[in-house]
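# Sequence isn't available, so here's the structure alone:
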């Protein structure tokens, strides 16, 4: 009797139809410790609202973000990746954000070529620019909603690192 | 006791087999203990693959169904499989076909180019072309790689002699710069220079503005190209501490490049940074995933 009950319980729930499922993007944001993380912090402290889908990873400097980090995030199923750093000439490590910009611009072109265009954004902001943080995240969220889910989501299990 | 060795060629140029002959006099010492049981320059390879092969050297990347089948058949008979050369180890120059979507590139060549009179992709009496160019380890388990395009004869000899004496062969884990005799990089490049321009001798090529892939490339070739004034193209694949050769080089150059460098635009990852490793790069892995959809 109890076994029969258990069986009923373990049957998987019926997959809801696509119409009822709403696509909620997952956005990974690499924020530099000195500026854009501060901006996100300020946005929170001053009770501004921005999409909750943004998952922040704090890095010492935007120059720390390897293009491989971005590729890996996309491979693992992130729908969009943001890399944010300090304003030009305000980098705590002098040139980190300039290096990051060059890398990310190159990577954007390469992602475009393989059919993942628009899923990476690079922005510069100071710790006081909470407005810009809200603006960037909101517009990027809208863009990802338009682009739809990451086509690589099914790859998640066959990740190879070499 | 003789060691049974087989060599096999897939999508490649046989350059690795020539490099095997390039070992020179040392080859005679090696051949004393070796029986070459299967090798397409020497033996009729229509025969089935003989059993009990000790070491199999497989050259070239996997491009057709036939290649795939042969690699699997060889793996069944061989105890130790070596991916021989850049194509086999990392996808090689053939891997650049993947930039154009693998199979679409083939269609382009046969139907759009002027040289092809018939404008037809051959389909009869030829093996089916695979969707993507694959390296050997995508198809079968590979025990060891000998990188390089072509591989360094001295390295082939040292790997083979190590295997014959029952030792485990080791590849260098350093980068080309560690072996390069030129003066180490002291200043960032200020001007982009092309390969045909003449470099100053005894000075790091990268700091002179030549795109030398040395920092991201595995050592072991004794830096033959840079020491002769030819920038490294990265044929030996990523060094031990590098995950993705192209991305690593992009990373390094972005940090090095000044804003004022005239004409220094970072080229696309493929072709320049990942000339020999595109088929095994992260970017191509993502491209394959997008295509599947």
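Happy to help now that I have it. Since the structure is predicted, the reported quantities are computational estimates derived from the model, not experimental observations. Numbers count the residues shown, from 1 in each chain, chains lettered A, B, ... in the order given.
# Tell me the residues of chain A that contact chain B?
By the rule Cβ under 8 Å from any Cβ of the partner chain, the part of chain A lying against chain B is A:63, A:66-68, A:71-72, A:74-75, A:95, A:98-100, A:102-103, A:106-107, A:109-110, A:113-116, A:151-152, A:154-155, A:160-162. Backbone N, C-alpha and C define where each C-beta goes, glycine included.
# go with 6 Å
Residues of chain A lying close to chain B (Cβ under 6 Å from any Cβ of the partner chain) are A:66-68, A:71, A:99, A:102-103, A:106, A:110, A:114-115, A:151-152, A:155.
# Looking at these, which are in helices?
Among those, the members found in helices (DSSP state H) are A:67-68, A:71, A:99, A:102-103, A:106, A:110.
# Show which residues not belonging to stretch B:118-138 make contact with it.
In this structure, residues lying in contact with stretch B:118-138 by Cβ atoms under 6 Å, 6 or more residues apart in numbering or on different chains are B:58, B:61-66, B:83, B:88, B:90-91, B:94-95, B:97-98, B:102-103, B:106-107, B:110-111, B:142, B:279-280.
# which of those are buried?
Buried subset of those (neighbour count, 16 or more other Cβ atoms under 10 Å in any protein chain shown): B:58, B:61-63, B:66, B:83, B:88, B:90-91, B:94-95, B:97-98, B:102-103, B:106, B:142, B:279-280.
# Report the buried residues of stretch B:177-187.
Buried residues in stretch B:177-187 (16+ other Cβ under 10 Å): B:177, B:179-180, B:182, B:185.
# Spatially nearest residue to the closest residue to chain A within the stretch 1-150 of chain B (excluding sequence neighbours)?
Nearest residue of the stretch 1-150 of chain B to chain A, counting by Cβ to the nearest Cβ: residue B:99, 7.7 Å away. Spatial nearest neighbour of residue B:99, excluding adjacent residues (Cβ to Cβ, 6 or more residues apart in numbering or on different chains): residue B:270 at 4.7 Å.
# So, low pLDDT: which residues of the chain?
With no chain named, the answer covers chain A. Applying pLDDT under 70 to chain A flags residues A:1-21, A:154-162.
# Please refer instead to chain B.
B:45-47, B:257-268, B:292-293.
# follow-up on the earlier one: for the ones in helices among the residues of chain A next to chain B, which one is nearest residue B:225?
Ranked by distance to residue B:225 (Cβ to Cβ), those are led by residue A:106 at 24.8 Å.
# which strands and helices sit next to the helix or strand in which residue B:250 is found?
Using DSSP states H and E, residue B:250 sits in helix B:245-256. Judged by 3 or more Cβ pairs under 6 Å, 6 or more residues apart in numbering or on different chains; DSSP states H and E, the packing partners of helix B:245-256 are helix A:96-113.
# ok now the helix or strand immediately after the helix it packs on in the chain, how far from the chain's centre?
Using DSSP H and E, the helix or strand that follows helix A:96-113 in sequence is strand A:120-124. Here strand A:120-124 is found 10 Å from its chain centre; the criterion is Cα atoms, centre = their mean, to the nearest Å.
# strand partners of strand A:120-124, parallel vs antiparallel please.
Take DSSP bridges as the rule and strand A:120-124 pairs in its sheet with strand A:80-85 (parallel).
# you'd agree residue B:55 is in a helix?
No - checked against DSSP: H, G, I helix; E, B strand; the rest coil, residue B:55 lies outside a helix; its state is strand.
# Tell me the spatial nearest neighbour of the residue positioned nearest the centre of chain B, not counting adjacent residues.
Centroid check for chain B by Cα atoms, centre = their mean gives residue B:86 as the closest residue, at 1.2 Å. Excluding the flanking residues, the one nearest residue B:86 by Cβ to Cβ, 6+ apart is residue B:149, at 3.9 Å.
# quick one: secondary structure of the one you found?
coil.
# Is residue B:132 in a helix, a strand, or coil?
Under three-state DSSP, residue B:132 comes out as strand.
# How much space separates it from residue B:102?
For residue B:132, the distance to residue B:102 (Cβ to Cβ, to the nearest Å) stands at 4 Å.
# do the same with residue A:54
From residue A:54 to residue B:102 the distance is 35 Å (Cβ to Cβ).
# same check, this time on residue A:149
With Cβ to Cβ as the criterion, residue A:149 and residue B:102 are 24 Å apart.
# got it, and residue B:38?
In terms of Cβ to Cβ, residue B:38 sits 29 Å off from residue B:102.
# My understanding was that residue B:174 contacts residue B:219; is that so?
Yes - with contact defined as Cβ atoms under 6 Å, residue B:174 reaches residue B:219; the gap is 4.2 Å.
# Which of the two has more residues huddled nearby?
residue B:219 (20 against 15; other Cβ atoms under 10 Å in any protein chain shown).
# List the contacts of that one.
With Cβ under 6 Å, 6+ apart, residue B:219 has these contacts: B:172, B:174-176, B:178-179.
# between these, which is nearest chain A?
Distances from chain A to these, taken by Cβ to the nearest Cβ, are shortest for residue B:175, at 16.7 Å.
# Compute the distance between the closest residue in space to that closest one that isn't next to it in sequence and chain A, please.
The spatial neighbour of residue B:175 that comes closest, neighbours along the chain excluded (Cβ to Cβ, 6+ apart), is residue B:239 at 4.3 Å. Distance, residue B:239 to chain A, by Cβ to the nearest Cβ, to the nearest Å: 13 Å.
# how many other residues sit next to residue B:239?
For residue B:239, the neighbour count with other Cβ under 10 Å is 24.
# Can you get me the centre-to-centre distance for stretch B:149-167 and its chain?
16 Å.
# Buried by neighbour count: which residues of it qualify?
Quick answer for stretch B:149-167 (16+ other Cβ under 10 Å): B:149-153, B:155-161, B:163-164.
# Name the nearest of those residues relative to residue B:197.
residue B:149 (23.1 Å).
# Give the buried residues for the host helix or strand of residue B:80.
Counting by DSSP H and E, the element that carries residue B:80 is strand B:78-84. Using 16+ other Cβ under 10 Å as the test for burial, strand B:78-84 gives B:78, B:80-84.
# in the stretch 151-293 of chain B, which spans are helices?
B:153-164, B:176-179, B:245-256, B:282-292 (DSSP state H, counting those that start in this stretch).
# Which strands or helices does the helix or strand harbouring residue B:69 pack on?
For residue B:69, the host element (DSSP H and E) is helix B:65-77. Judged by 3+ Cβ pairs under 6 Å, 6+ apart, helix B:65-77 is in contact with no other helix or strand.
# Quick one: residues in contact with it.
Against helix B:65-77 from outside (Cβ under 6 Å, 6+ apart): B:8, B:10, B:49, B:51, B:53, B:56, B:62, B:81, B:127-128, B:139-140.
# Flag every buried residue along that helix.
Neighbour-count burial for helix B:65-77 [16+ other Cβ under 10 Å]: B:66-68, B:70-71, B:74-75, B:77.
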